[in-house]
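Chemist: model this:
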Amino acid sequence: MNWYESSLPDINEIKERLQVIIPENVDDANYARNITAARTVFVMLYSFAIEGESGRIRPSTVTVMTDKQSKKQSRLEREMWLSVMLGAKKPNDPERWYSENTREPIRDDTIATLKQLGAVCEVPGIPVTSSKPRYFLARDFVELLNPSLIGELLEVSVRKWQELHLAKGALILQSLREQERRSQIFVEFGHTKHPLASGMSSVLTKAAVEIFAKNFMEKPEVLLISESADKVHWKFGKLLQSLRLALNPKRALPDVIIAETGRKEFCLVFIEIVHTDGPISNDRKRELLEFAGESGLQEHECTFVTVFASRSDSAYRRVQGSLAWGSFVWFADEPERIIHLIDTPKQSLTLVDLLML
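Modeler: Predicted structure coming up:
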């Protein structure tokens, strides 16, 4: 006997399980994690709308469920209810969960998102205009909803499902959030393992040093990792002084400085990590150019990068309008891609010219 044949988890239990399975950073995640999603999944389970079973539902089927009906859970009661609700003259119970006109957002938001994630399937070949029931839960997703699946076994099963169904960026963000919960974070560069305090800013610093630098620099040399508790660690101070880079303790230093040493022309990469604030704005860029100028460096020897967790991150949405022209933007969940805010005030360039840069 399958676990869903005898009794079903209640709506809140399903909602809690959905929030374990589906990370909040995936596109339109709320539509797959909220109470409507939990009720939609419940109705599919109730109706045996499951891969390998014969039940299928349409969006309006979710709207006509009631709390009283949801407690009648024998197979016969459930199948009889579905038959009536898919009929031409289904009753209009005043205790129904949703009004009839709610079927469109259930279809376009909730079911569409669950389908995109691979949690819901659709019977192929049914015309869009047809009222035939067509939606059902994927079998591998149903197994994750089993209340007896707990602890480490649940974690392993969820991880396997996520790796199969979720986009790479969502998995990276999930990993970043897991790192954020650690009591201490270590960033590795060269033969050095440098400790950082816990928190997302440190997680993004680690990503900038270990991933960004590897992807976009030929031979990176980490010169500075600054933290509020220890603005310039002694070993970074000695390294900066050996390169005759001026250090002013009163000056607000960038979060990370990395030197590009793999090319003939020396280049300093100034990186700001943004979890709450502090991007490379035009004012910040000018400050860092002054710092570089005090060390005898020219503007063409400096590159500026702002690091965010994701384009969907509220921190990015909040400060994107203040990012400096001529700087770069890198997102940890899209590690092979980078945005260049190209600034061409003194020359007229076409799109073809820009593509050749």
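Chemist: if I look at the nearest residue to R182 once chain neighbours are set aside, how far off is R39?
Modeler: Spatial nearest neighbour of R182, excluding adjacent residues (CB to CB, 6 or more residues apart in numbering): S198 at 5.9 Å. Every residue, glycine included, has its C-beta placed from N, CA and C. Computed as CB to CB, to the nearest Å, the S198 to R39 distance reads 37 Å.
Chemist: which one of those two is surrounded by more residues?
Modeler: Using other CB atoms under 10 Å as the criterion, S198 and R39 rank with R39 on top: 21 against 14.
Chemist: contacts only, for the more buried one.
Modeler: Applying CB atoms under 8 Å, 6 or more residues apart in numbering, we find R39 in contact with 11, 62, 65, 97.
Chemist: could you chop this protein up by domain?
Modeler: Domain assignment of the chain by automatic domain parsing yields the ranges 3-166, 181-355.
Chemist: now do the end-to-end distance for the shortest one.
Modeler: Chord length of domain 3-166, first to last residue, is 25 Å (CA to CA, to the nearest Å).
Chemist: run the chain-centre distance for that domain.
Modeler: Mean-position distance between domain 3-166 and its chain equals 23 Å (CA atoms, centre = their mean, to the nearest Å).
Chemist: same question for that domain, mean pLDDT?
Modeler: Across domain 3-166, pLDDT averages out at 94.
Chemist: make residue 1 into 12 and carry on from there
Modeler: Shifting the count to begin at 12 puts that one at domain 14-177.
Chemist: quick one: buried residues of the helix or strand where L299 lies?
Modeler: Assigning secondary structure by DSSP states H and E places L299 in helix 293-305. Along helix 293-305, these residues count as buried under the neighbour rule (16 or more other CB atoms under 10 Å): 295-296, 298-300, 302-303.
Chemist: likewise stretch 323-330?
Modeler: 323-324, 326-327, 330.
Chemist: quick one: those as JSON lines, columns for secondary structure, pLDDT and distance to F227 too.
Modeler: JSON lines is the format used below for the buried residues of stretch 323-330 (DSSP: H, G, I helix; E, B strand; the rest coil; pLDDT from 0 to 100; distance: CB to CB, whole Å):
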{"residue": "S323", "secondary structure": "coil", "pLDDT": "81", "distance to F227": "22"}
{"residue": "D324", "secondary structure": "coil", "pLDDT": "84", "distance to F227": "20"}
{"residue": "A326", "secondary structure": "helix", "pLDDT": "90", "distance to F227": "21"}
{"residue": "Y327", "secondary structure": "helix", "pLDDT": "92", "distance to F227": "19"}
{"residue": "V330", "secondary structure": "helix", "pLDDT": "93", "distance to F227": "21"}
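Chemist: in those residues, find the pair that's most separated.
Modeler: Spatially, the most separated pair among the buried residues of stretch 323-330 is S323 and V330, at 14.1 Å (CB to CB).
Chemist: fine, thanks again, bye for now.
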